[in-house]
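K.L.:
Predicted model follows, preceded by the sequence.
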Number of protein chains: 2
Amino acid sequence: MEELKNYYKRVAKYYSAASLLYWDMQTYMPKDAGPYRAEVLSEIGTYAFKAMIDDALGTLLETAQPQNEIEEKIVSVGKKEYYKYKKVPPELFQEIMMTSTMLEQKWEIAKPKGDFEEVRPLLEKLVELCRKYAEILGYEEEPYNALLDLYEPGMKARDVEQIFNKVKTFILEVLKKIENLPKTEDPFDREISAEKQKEFSIWLLHYLKYDFKKGRLDVSAHPFTNPIGLNDVRITTRYIVNDMRNSIYSTIHEFGHALYALSIPAEFYGLPIGSSASYGFDESQSRFWENIVGRSLVFWKGIYQKFVEIVPEMKEYTVEELWRAVNRVQRSYIRTEADEVTYNLHIIIRFEIERALINGGLSVKDIPDKWAELFKKYIGLEVPNNTLGCMQDPHWYGGNFGYFPTYALGNLYAAQIFEKLKEEIDFEDVVSKGEFDVIKDFLREKIHSKGKMYEPAELIKMVTGKPLSYEPFVRYVKEKYSKVYGIEI
Amino acid sequence: MEELKNYYKRVAKYYSAASLLYWDMQTYMPKDAGPYRAEVLSEIGTYAFKAMIDDALGTLLETAQPQNEIEEKIVSVGKKEYYKYKKVPPELFQEIMMTSTMLEQKWEIAKPKGDFEEVRPLLEKLVELCRKYAEILGYEEEPYNALLDLYEPGMKARDVEQIFNKVKTFILEVLKKIENLPKTEDPFDREISAEKQKEFSIWLLHYLKYDFKKGRLDVSAHPFTNPIGLNDVRITTRYIVNDMRNSIYSTIHEFGHALYALSIPAEFYGLPIGSSASYGFDESQSRFWENIVGRSLVFWKGIYQKFVEIVPEMKEYTVEELWRAVNRVQRSYIRTEADEVTYNLHIIIRFEIERALINGGLSVKDIPDKWAELFKKYIGLEVPNNTLGCMQDPHWYGGNFGYFPTYALGNLYAAQIFEKLKEEIDFEDVVSKGEFDVIKDFLREKIHSKGKMYEPAELIKMVTGKPLSYEPFVRYVKEKYSKVYGIEI
């Protein structure tokens, strides 16, 4: 058992190096260093991948003698991953890595022009490779499930579909109700310097008690959280001068991810159970802090004074006006800037398209039309170009099919966890006092301390006593947005 | 031959990752991440070391069929290193790495207190390990030569001693001549904010045409240059508010190192010939830019206007006064802050002590007394404590015995290269016009483009037509400091 643990911990050091190489690439790396950096990342990534499918690991897993539940989980989760990836020829893994790296670079150039034709041939190749990958991994019911399982272990597309259909119906009803309300002025529709935004972001992280001895805040084009090593989980944000909401909520969102990673027991580090339960669960934590905490009125009451101190031009607004402004619901093109109600519609569109792509019901060339059709149907907007449409997100061009649903699942998990949390904790009271440790202890005990010992379906039941449901999200939205808009929703 | 090159280039990627891990540790790493970072660095470093002594590499080296001089050098330099390190048991390598890592951490805590007893036991162990290392590596004449050869290939301690003795005699004469001159006010004895210093450092790098697409400037406790990968050579500096000279000359010094690394042909990258000729040669380039260019009157004429624009409180001084202020010679305790004349005395003290330690003529416990004795004898000062004495530098506590002489050799190489350069280039003219490309082309053609193809003794002869000599340094000092002090030196 010790030998097995040491094997994993040794390989984890290569993943740690790769994480730093990636973080640096997104933050401080000089421009011309890109091509060589890609080679270094690919070398170290492939080395680590090969170590994870090496026969030596198989032998260690088969002969290990676990002495307790934690060790049993190390072996069972380890075996599941080992035999899953063992089936994949390293050549296919490497071809997917290379194709997606090339395609992502092409996408970055083609995206501002919205030129889908420029990315189409490579995307066709990548979809074919991912379909092959799904076949090799194996699945029940439909090929898409093989990929979904990489991000949300145990989840099936059919279950996702059922939940999403109900969420969709509900959101469309909400939109109808609030759509004809009179529009108010937007306090955030003004320029606020990056310096002020940075000052406030750092203050926010101190307020939330993010541990800067174990992390950092930097700037990147797309905000992300990167667990670089033990006691080293860094986040990034971005400062968009004409909408400060972006940096505030990116910062809190990434704080939620970082808190999860930093709260997984140190003795799990590097082992198969040493990460979050799933991408959806990880997202539940970031969305919990971003939306449920960070967009609550009690939270704004706690930060208001500091906010107007750093951004005095906002003094003319009351705390309620600012709270409404960070909760305005509207149909919009860009997923990452969408409000928490319509956000899920953006995900549902992507889910339907990528599921059809992988299962074979849709060709790559038809993506832009399908996108326009679904966008019109669900969000009600005409898509003016691919930049605001099917080329806005990097996921497909990076080969991450099966990833998108986890964003919406995260919102649902978060709402369900929140209902449970309110049973045990006076949420309004602790948030208004800034006593975040009470909430952190709850999350650590119920979720973070478990690492990846349980599949998300098991874990949500352990935490809340019930299987995943869309209903808590519905109740959360109804209660909150009835207050935000002052009408019955 | 191709297979051999690919082998080296593959291993170089691990060294590249290790470089980034090190750079990050010195610049942006969160505090608590230290212990785990040490583990990651050790894992990746040991992996790369093992690859460099693997039998597979030996076979490739023995069967390679070089087709030209460059390929011949790849094989010959590669063989030399392979058979040298092959003799070292990886356990000894790892024990030295672990002991020096632990000792360096102890030293960092003990240094401010000057508590030599706290580091003595581990330093005794490390000196023993390094003596063992020298025995295994093998040597002519004396064990110290084995270690010196790691930094200055082919150089012998006896030759260093002969040169240093002459340098020492000369410097002591210079000191006598200028010592009784009246002291003038020091323009740099004032507070200048880190922000202004940073602005000027960055301007300086642009002025010298440092390529920010291939590098960065950051802050670290001890300035350093780190070749992280192809097209990625980063430098650091530090901002000491009550002496701006420090940041100016650290920045220019590291620029010199970076220029060397960036000018080695890209096709050499990762191969045995893909680095500087030696530590001494590397230092010759940094010292050339720092002292010969950066401390020249013509250079100051070129930067004066920008300098007083960024630091307007300095307007009251003329360019000559500032030039004299960056060239004042004085006896002082700290090597890294010493002027270019007395600097070599600091090195000679360390050389004499470490040579005796490794050859067996001095015990670790006697270092502080020996230090005080030599410091009094050469520099003429009573050493008040170990913080200003034998504990000021990290080298010994990091196990880098044999490294110190390269600093002084760098000064001598630089002066000798400068004499040659002046034969071909109107130095005063190009520097006053800021036409640094003329100088860069000279250095690239004669030195940088050769990488590590030649040993330093060969290279200095190729560049200047003569073997290394202390005389150009003597001529340089006489000419320059006669002007600085307005007396015959």
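P.N.:
Yep, that arrived.
K.L.:
Looks like residue A:255 contacts residue A:234 (just checking).
P.N.:
No: taking contacts as CB atoms under 8 Å, residue A:255 lies outside contact range of residue A:234: 11.3 Å. No exception for glycine: its C-beta is placed from N, CA and C like everyone else's.
K.L.:
Contacts only, for residue A:360.
P.N.:
Contacts for residue A:360 were tallied using CB atoms under 8 Å, 6 or more residues apart in numbering or on different chains; they are A:131, A:143.
K.L.:
measure it to residue A:236 for me?
P.N.:
37 Å (CB to CB, to the nearest Å).
K.L.:
which ones are touching the residue in the stretch 351-489 of chain A that chain B sits nearest to?
P.N.:
Nearest to chain B, among the residues of the stretch 351-489 of chain A, is residue A:451, at 17.0 Å (CB to the nearest CB). Contacts for residue A:451 (CB under 8 Å, 6+ apart) come out as A:264, A:265, A:268, A:273, A:274, A:275, A:276, A:277.
K.L.:
where does the last one fall, helix, sheet strand or coil?
P.N.:
Pointing back at residue A:277 there. Following DSSP: H, G, I helix; E, B strand; the rest coil, the label given to residue A:277 is coil.
K.L.:
my read: it touches residue A:449, true?
P.N.:
No: here residue A:277 does not reach residue A:449: they are 11.3 Å apart, not a contact under CB under 8 Å.
K.L.:
Residue A:71 should be in a strand, yeah?
P.N.:
No: looking at residue A:71 with three-state DSSP, it is helix, so not inside a strand.
K.L.:
roughly how far apart are it and chain B?
P.N.:
22 Å (CB to the nearest CB, to the nearest Å).
K.L.:
near chain B, which residues of the stretch 101-250 of chain A show up?
P.N.:
Residues of the stretch 101-250 of chain A found near chain B, taking CB under 8 Å from any CB of the partner chain as the criterion, are A:211-216, A:218, A:228-232, A:234.
K.L.:
same thing but 7 Å
P.N.:
A:212, A:213, A:214, A:215, A:216, A:229, A:230, A:231, A:232 (CB under 7 Å from any CB of the partner chain).
K.L.:
rewinding a little: the more surrounded of residue A:277 and residue A:449?
P.N.:
The neighbour count for residue A:277 versus residue A:449, taken as other CB atoms under 10 Å in any protein chain shown, is higher for residue A:277 (28 against 13).
K.L.:
host element of residue A:120?
P.N.:
If you go by DSSP states H and E, residue A:120 is part of helix A:116-137.
K.L.:
okay, and the helix or strand of chain A with the least pLDDT?
P.N.:
Here the helix or strand of chain A ranked lowest by mean pLDDT, DSSP states H and E is helix A:90-110, holding a mean of 86.
K.L.:
Just the residues contacting that one, thanks.
P.N.:
Residues from elsewhere that reach helix A:90-110 (CB atoms under 7 Å, 6 or more residues apart in numbering or on different chains): A:38, A:42, A:46, A:49-50, A:118-119, A:122-123, A:125-126, A:129, A:132-133, A:391, A:394, A:397-399.
K.L.:
from those, which would you call buried?
P.N.:
If you count burial by 16 or more other CB atoms under 10 Å in any protein chain shown, the buried members of the contacts of helix A:90-110 come out as A:38, A:42, A:49, A:118-119, A:122-123, A:125-126, A:129, A:132-133, A:391, A:397, A:399.
K.L.:
re the thing from before, highest neighbour count among the residues of the stretch 101-250 of chain A next to chain B?
P.N.:
residue A:232 (28 neighbours).
K.L.:
Show the model's pLDDT score for that one.
P.N.:
Per-residue pLDDT puts residue A:232 at 97.
K.L.:
One more: the one 10 residues further on?
P.N.:
Residue A:242 is assigned a pLDDT of 94 by the prediction.
K.L.:
Does it fall in a helix, a strand, or a coil region?
P.N.:
Under three-state DSSP, residue A:242 comes out as coil.
K.L.:
check contacts around it.
P.N.:
residue A:191.
K.L.:
now the strands for chain A?
P.N.:
A:217-219, A:225-229, A:232-237 (DSSP state E).
K.L.:
can you list the domains in chain A?
P.N.:
A:1-150, A:158-485 (the TED database).
K.L.:
Can you give the distance of the first one from its chain's centre?
P.N.:
Which is domain A:1-150. The chain centroid and the centroid of domain A:1-150 are separated by 17 Å, computed with CA atoms, centre = their mean, to the nearest Å.
K.L.:
With stretch A:228-243 instead?
P.N.:
Per CA atoms, centre = their mean, the displacement of stretch A:228-243 from the mean C-alpha position of its chain is 14 Å.
K.L.:
Repeat that for stretch A:244-261.
P.N.:
11 Å.
K.L.:
contacting residues around it?
P.N.:
By CB under 7 Å, 6+ apart, the list of residues contacting stretch A:244-261 reads A:188, A:192, A:197, A:201, A:204-205, A:208, A:210, A:215, A:223-225, A:227, A:233, A:235-240, A:276, A:282, A:285-286, A:288-290, A:294, A:326, A:337, A:440, A:448.
K.L.:
cool, and stretch A:217-228?
P.N.:
Everything outside stretch A:217-228 that qualifies as a contact, by CB under 7 Å, 6+ apart, is A:16, A:19-20, A:22-23, A:26-27, A:201-202, A:205, A:233-239, A:250, A:254, A:257-258, A:261.
K.L.:
In helices only, show me those residues.
P.N.:
Among those, DSSP state H puts A:16, A:19-20, A:22-23, A:26-27, A:201-202, A:205, A:250, A:254, A:257-258, A:261 in helices.
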